[in-house]
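> Sequence first, then the predicted structure, then my questions.
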Amino acid sequence: MRVVIVTESYPPDVNGVAHCAHQTARHLAERGHDPLVVAPATASGGPGRTGECPGVRTVRIPSLPLPGYPQVRVALPSRRVAAALTAHRADLVHLAGPFVLGARGMAAAARLGIPAVAVYQTDLAGYARTYVGTGEAAAWRRLRAVHSAADRTLAPSGAAVRDLCAHGVPRVRLWPRGVDTVRFHPGHRDGALRRALAPHGELIVGYVGRLAPEKRVGLLSEVCRLAGVRVVVVGDGPSGPHLAGALPGALFTGPRTGPELARYFASLDVFVHTGPFETFCQTVQEAMASGVPVVAPAAGGPLDLVAHGSTGLLVPPGDAAAVRDAVRALAASPARRAAYGAAGRAAVEGRTWTAVGDRLIGHYEDVLAARRTAVAA
């Protein structure tokens, strides 16, 4: 099967869309299919080979930085998208988090009569509400137009499925995400790293992810005031300078990747995610795979991932006091932390990228079969 993956982000970018697109390309190649990736050019304008899949060709589309958030690149209009679909003789187009480049990919697929599967990954309406206070309706109009044109939309969580259906998007199916349970493993807990992060033996409470307004990392401010707790923030982004002042005593490590990131996850005592706009929340899965109990908002993707009172604690979105109280409850009970961590690990052990990738191929096959039936009718 020749598949063109049109993605709004791709390695060396570090985010959920980029990671999922990378895993999709890798799995397709491993299963003997022929993927091609179309993605925005990197900041350097070069091929951006870091993190790309060996043997998987990537077409980079000229791009500009998003105003106010230069780490995000937005692809410019280009004929290269349609040319890539034609040159690759695509059987199917996979649209990863379609909005700008993905909308062009959808339009090109429709013109060329190529089936398309759109993967909903980013709550752009929530982002519009966060950044500009308006534009939520416009964001949904854009999302609805792109996804309604696709043969099938795949959503990563029950909450995302419900959102899409409520806003009139048809043909929605659930497709969750995998996690690397070998890389993210309790065995990577590192005593030396723990001593460096918390030299006085404090309980280590960590956040991993982008430092951006929609992530609401400032909700950790009350946790920073708990005695015997060290807050560790792993990641970077435009909110970094503000958060350095808003989170007294917190340690900011900058971004971490690969085996080093796995050691950070496994070396935490509690993982906290604060953002309420997650369609899935991969870092919650990575913490669970690392055997770490989770505190997360009762909204979006975490509703599917965190079993309240079993693998972690769900708190009201946007409530700093509730985050603090949940951390305090876990800090007071090592046995509870251990039980939640073990249950979290057990819950994700079957969620490998191989299993999830095979489910994706099943969706592709369903779409191609439906197209063949429609053509024959």
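Received, thanks.
> Show me where the stretch 151-300 of the chain has its helices.
Applying DSSP state H, counting those that start in this stretch to the stretch 151-300 of the chain gives helices spanning 158-166, 191-197, 221-224, 240-246, 258-266, 282-289.
> Indicate which one of the ones you listed is closest to Ala347.
For Ala347, the closest of the helices of the stretch 151-300 of the chain is helix 282-289, at 6.2 Å, according to C-beta to C-beta. Any C-beta I mention is one placed from the backbone N, CA and C, and that applies to glycine too.
> Compute the inter-axis angle for that closest one and helix 258-266.
Using axes from the mean of the first three to the mean of the last three C-alpha atoms, to 10 degrees, the direction of helix 282-289 lies 70 degrees away from that of helix 258-266.
> Surely Val74 touches Ala43?
No: assessed by C-beta atoms under 8 Å, Val74 is found out of contact with Ala43, at 11.9 Å.
> any residues touching stretch 158-175, and which ones?
Identification of contacts with stretch 158-175 by C-beta atoms under 8 Å, 6 or more residues apart in numbering yields 119-120, 123, 140, 143-144, 147-148, 150-157, 279-280, 299-301, 303-304, 356, 359-360, 363.
> how about it: buried residues?
Within stretch 158-175, the residues that count as buried by 16 or more other C-beta atoms under 10 Å are Ala159, Ala160, Val161, Asp163, Leu164, Val169, Arg171, Val172, Trp175.
> could you list every residue that touches Ala25?
Counting by C-beta under 8 Å, 6+ apart, Ala25 makes contact with Ile5, Pro35, Val37, Cys53, Val56.
> Out of those residues, flag the one nearest to Gly201.
Using C-beta to C-beta, these come closest to Gly201 at Cys53, 42.0 Å.
> any idea how far that closest one lies from Ala192?
33 Å (C-beta to C-beta, to the nearest Å).
> When those two are compared, which one has more neighbours?
Cys53 (21 against 9; other C-beta atoms under 10 Å).
> For that one, give me the pLDDT.
For Cys53, the pLDDT comes out at 79.
> Tell me how far it lies from His94.
Distance from Cys53 to His94, by C-beta to C-beta: 14 Å.
> Relative to the whole chain's centre, how far out is the strand or helix carrying Arg104?
Per DSSP states H and E, Arg104 falls inside helix 101-112. With C-alpha atoms, centre = their mean, to the nearest Å as the basis, helix 101-112 stands 23 Å off its chain's centre.
> Report the buried residues of it.
For helix 101-112, using 16+ other C-beta under 10 Å, the buried residues are Leu101, Gly102, Ala103, Arg104, Gly105, Met106, Ala108, Ala109.
> Which single one of these is nearest to Ala335?
Using C-beta to C-beta, the buried residues of helix 101-112 come closest to Ala335 at Gly102, 46.6 Å.
> for that closest one, what are its contacts?
Val6, Thr7, Glu8, Leu95, Ala96, Ala118, Val146.
> where's it relative to Ala155, distance?
Gly102 is 15 Å from Ala155, by C-beta to C-beta.
> before we move on, what about Leu305?
In this view, Leu305 and Ala155 are 14 Å apart by C-beta to C-beta.
> now Leu92
Look at Leu92 and Ala155: by C-beta to C-beta, they are 18 Å apart.
> for the helix or strand hosting Thr58, packing partners?
Secondary structure assignment for Thr58, by DSSP H and E: strand 57-61. In this structure, strand 57-61 makes packing contacts with strand 34-40, helix 80-87, judged by 3 or more C-beta pairs under 8 Å, 6 or more residues apart in numbering; DSSP states H and E.
> hang on, Pro54 in a helix?
No: secondary structure of Pro54 (DSSP: H, G, I helix; E, B strand; the rest coil): coil, not part of a helix.
> Confirm for me that Phe99 is in contact with Ala145.
No: with contact defined as C-beta under 8 Å, Phe99 does not reach Ala145; the gap is 10.6 Å.
> With neighbour numbers in mind, choose between these two.
Using other C-beta under 10 Å as the criterion, Phe99 and Ala145 rank with Phe99 on top: 17 against 12.
> In terms of helix, strand or coil, where does the more buried one fall?
coil.
> separation between it and Val231?
Relative to Val231, Phe99 is positioned 33 Å away (C-beta to C-beta).
> How about Leu203?
For Leu203, the distance to Val231 - C-beta to C-beta - is 10 Å.
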